[in-house]
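> Fold the following for me, if possible:
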Amino acid sequence: MKKLSLLLKTIVVSLTFFSAQAQNVDDVVNKYIETIGGKEKLEAIKSVKMEMIANYQGMEIPVEVCTAKDGKMLVKINLMGKEMTQVAFDGTSGWSTNMMTMKAEKMNSEDIENMKNTASNDFPDPFLNYKSKGYKAEYIAKETKEGTECHKIKLTKLPQTINGEKVDDVSFYYFDVENNVIVLTETEIKEGQMKGQMASSTAGNYQEVEGVYFPFTISQYGQEMTVKKITLNPTIDPKALEFKAE
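Residues are numbered from 1 along each chain as shown. Below you'll find the model as predicted:
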């Protein structure tokens, strides 16, 4: 009976722990969604256009990023007065400019599949209705990052295909405990020379745009970007997404 009693206590403690963990995740995510504008306003967004300046090795490069609920994406840069498309995806197919040859190249089947899994699901935020997307969120712990106390949450998205193999798409998000916004994201690099290492991106200087808060200061792969303007619900020109072979 003592062994049975001990077993029952262990089960109760375990269930309590997992219940508390789930509650922590929901509390953090719900506060975050509410802080940046609320579920209703986020769900009403159909597209977003961000006009930014990227600081790369002392150069200021204008960058324009358009994303949409239906999975469309358009990323353009202006390099020394020449505008070029870095990413163009219409929801089913896409292309990009090879920065070595400066030629337009169609995305391969793996890139297209991965884009389909993330482009629409992550819009306008991966945590919005994350469960219905098939995503899984886990509360890890409280951690201090650059002097800021944060909730660390692991988000597992739909698997990606890398070199013919399905791999977990996992990122770690750090939510500012005091302000309830994401300040840091860590994602494992899946291929190339940096494979296995963690890529970090930071977000700050949140500002309101039509009742929704966006970060206006972003750092990715050591590249600082300053958002100059955000437009909600712009129309993405279908012709801009068409493949342009030169």
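> ok, Lys190 - contacts?
Gln160, Ile162, Val167 (CB atoms under 8 Å, 6 or more residues apart in numbering). (Glycine included, C-beta is placed from N, CA and C.)
> if you set the cut-off to 10 Å instead, what comes out?
Neighbour list for Lys190: Asn114, Gln160, Thr161, Ile162, Asn163, Glu165, Val167, Asp168, Asp169, Gly196, Ala199 [criterion: CB atoms under 10 Å, 6 or more residues apart in numbering].
> next one: Thr187
Leu155, Asp169, Val170, Ser171, Phe172, Tyr173, Met198, Ala199, Ser200, Ser201.
> any idea which element the closest residue to the fifth one other than its chain neighbours lies in?
Looking back up the chat, that one is Phe172. Nearest residue to Phe172 in three dimensions, chain neighbours excluded: Glu186, at 4.4 Å (CB to CB, 6 or more residues apart in numbering). According to DSSP states H and E, Glu186 maps onto strand 182-188.
> ok so, going back, report the beta-bridge partner residues of the residue nearest to Phe172.
Phe172, Ser200 (DSSP bridges).
> Now do the same for Glu110: helix, strand or coil?
At Glu110 the chain is in helix, as set by DSSP: H, G, I helix; E, B strand; the rest coil.
> Setting the sequence-adjacent residues aside, check what's closest to it.
In space, Glu110 comes closest to Thr161 once its chain neighbours are excluded; the distance is 4.8 Å by CB to CB, 6+ apart.
> what's the offset of the longest strand along the chain from the middle of its chain?
In the chain, with assignment by DSSP state E, the single longest strand is strand 148-162. On the basis of CA atoms, centre = their mean, to the nearest Å, strand 148-162 sits 9 Å off its chain's mean C-alpha point.
> Over to stretch 183-200?
Worked out by CA atoms, centre = their mean, stretch 183-200 lies 13 Å from the chain centre.
> For it, what does the pLDDT average out to?
Throughout stretch 183-200, pLDDT has a mean value of 85.
> Contacts only, for the residue nearest to Ala68 when sequence neighbours are not counted.
Excluding its sequence neighbours, the residue lying closest to Ala68 (CB to CB, 6+ apart) is Ser47, at 4.1 Å. Applying CB under 10 Å, 6+ apart, we find Ser47 in contact with 66-70, 72-74, 123-124, 231-236.
> And these, which is closest to Glu51?
Distance to Glu51, by CB to CB, is smallest for Thr231 among these, at 7.9 Å.
> Look up which residues are beta-bridged to the closest one.
Beta-bridge pairing of Thr231 under DSSP bridges involves Lys49.
> Any idea how far apart the tips of stretch 103-115 sit?
One end of stretch 103-115 sits 21 Å from the other (CA to CA, to the nearest Å).
> For that stretch, which outside residues touch it?
71, 73, 84-85, 87-89, 91-98, 158-165, 169, 190, 243-246.
> Identify the residues contacting Gln197.
Going by CB under 10 Å, 6+ apart, Gln197 touches Glu188, Ile189.
> Tell me how far it lies from Thr187.
To Thr187, Gln197 is 10 Å away according to CB to CB, to the nearest Å.
> what residues does the helix or strand encompassing Lys228 touch?
Using DSSP H and E, Lys228 sits within strand 223-232. Contacting residues not belonging to strand 223-232 are listed as 41, 44-57, 60-66, 124, 201-202, 205, 207-212, 214-219 [CB under 10 Å, 6+ apart].
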